[in-house]
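Enquirer: mind folding the following:
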Amino acid sequence: MKISFFAPSYKRPEKSITQTLYPFIKLVVKESEADEYINNGNDIVICPNEVQGNISRVRNWIKDNLMNDNDAIIMVDDDNKGIGRWENQKYKLFKNDELIEFCESLTILCKDFNYYSFGLNCVIDKGAYMEHTPFSTTKFIGAPFHGIIKGNECEYDEEIPLKEDYDWTLQNLKKYKGVLRCNFASYNVKQAEQKGGCSSMRNIKEEERQFSLLQKKWGSKIIQKDKKSKRSFDFNPILKSPIKGV
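Expert: Next comes the predicted model:
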């Protein structure tokens with residue numbers, strides 16, 4: 001079993017939070033920023049300059065160029081404060097060897113399901129801990145931590161780089177009839193709170209535009225606004241699975 005971990009990074013040359021916690025995760029940065037990243041102690045993989053500026057395009061480049069002889073690759077956000085699991089009603093961060101072993105197990109299980117992508121619970125608080133449903137097969141898997149099994153033929157939509165994980169989930173549901181989500185494990189990422197990355201293009205106007213494109217692509221019964229949100233416009237739409245499952 002061989003898996004590799006990558007974190008796309010853009011305009012964040014300071015030492016990566018993710019890589020500090022998990023040194024085996026390599027940052028993927030464009031050539032013109034490489035020296036600055038290296039000087040700050042980051043372990044990197046260099047992609048062409050023209051790839052950066054669109055996270056969907058970067059993800060496609062990683063998928064198409066870095067899979068090599070891996071059974072799976074894992075993509076993680078570069079500002080991940082921790083990846084952990086609920087156990088006996090307590091949340092515990094994975095240590096390095098535990099995270100690798102955990103992802104190897106998920107890769108095997110995903111293959112057994114004949115699925116080609118897996119992810120984690122996107123909410124870390126105890127209220128979202130699905131104690132009696134450790135795994136789901138039709139739920140949203142977020143970009144901050146997700147795995148791709150070798151042979152996955154889906155591509156990230158470069159027209160909607162702020163909603164690429166919703167589209168990625170739906171593409172996999174349509175093509176492979178399911179995705180594997182581990183509900184007892186989750187990641188700790190606060191999106192749009194740091195400079196660089198996708199934050200440089202996140203604003204209500206652009207979020208609304210990309211929401212409309214996503215909804216037009218998949219339909220208003222599948223992609224819906226979160227009307228219960230306290231925000232005037234919630235960045236995170238509601239995804240209703242078009243197929244039956246857990």
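
Enquirer: neighbouring strands for the longest strand belonging to the chain, and are they parallel or not?
Expert: Ranked by number of residues, the top strand in the chain under DSSP state E is strand 180-187. Paired with strand 180-187 in the same sheet, following DSSP bridges, are strand 83-87 (antiparallel), strand 117-121 (parallel), strand 135-136 (antiparallel).

Enquirer: spatially central residue in the protein, please.
Expert: In the chain, the centroid-proximal residue (Cα atoms, centre = their mean) is Ala143; its distance is 1.7 Å.

Enquirer: ok, that residue touching Asn80?
Expert: No - using Cβ atoms under 8 Å, Ala143 makes no contact with Asn80, being 11.1 Å away. All C-beta atoms are positioned from the backbone trio N, CA, C, and that covers glycine.

Enquirer: quick one: the helices in the chain, in order.
Expert: Ranges of helices within the chain are 17-21, 34-39, 55-65, 96-112, 164-176, 204-218, based on DSSP state H.

Enquirer: ok, and what's touching the fourth one?
Expert: Applying Cβ atoms under 8 Å, 6 or more residues apart in numbering, the set of residues contacting helix 96-112 from outside is 1, 3, 5, 22-24, 71-72, 74, 83, 85, 94, 116-118, 135, 147, 149, 180, 182, 185.

Enquirer: can you select the buried ones among the residues you listed for me in ChimeraX?
Expert: ChimeraX command restricting those to the buried ones, with burial defined by 16 or more other Cβ atoms under 10 Å:
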select :3,5,22,71,72,74,83,85,94,116,117,118,135,147,149,180,182,185
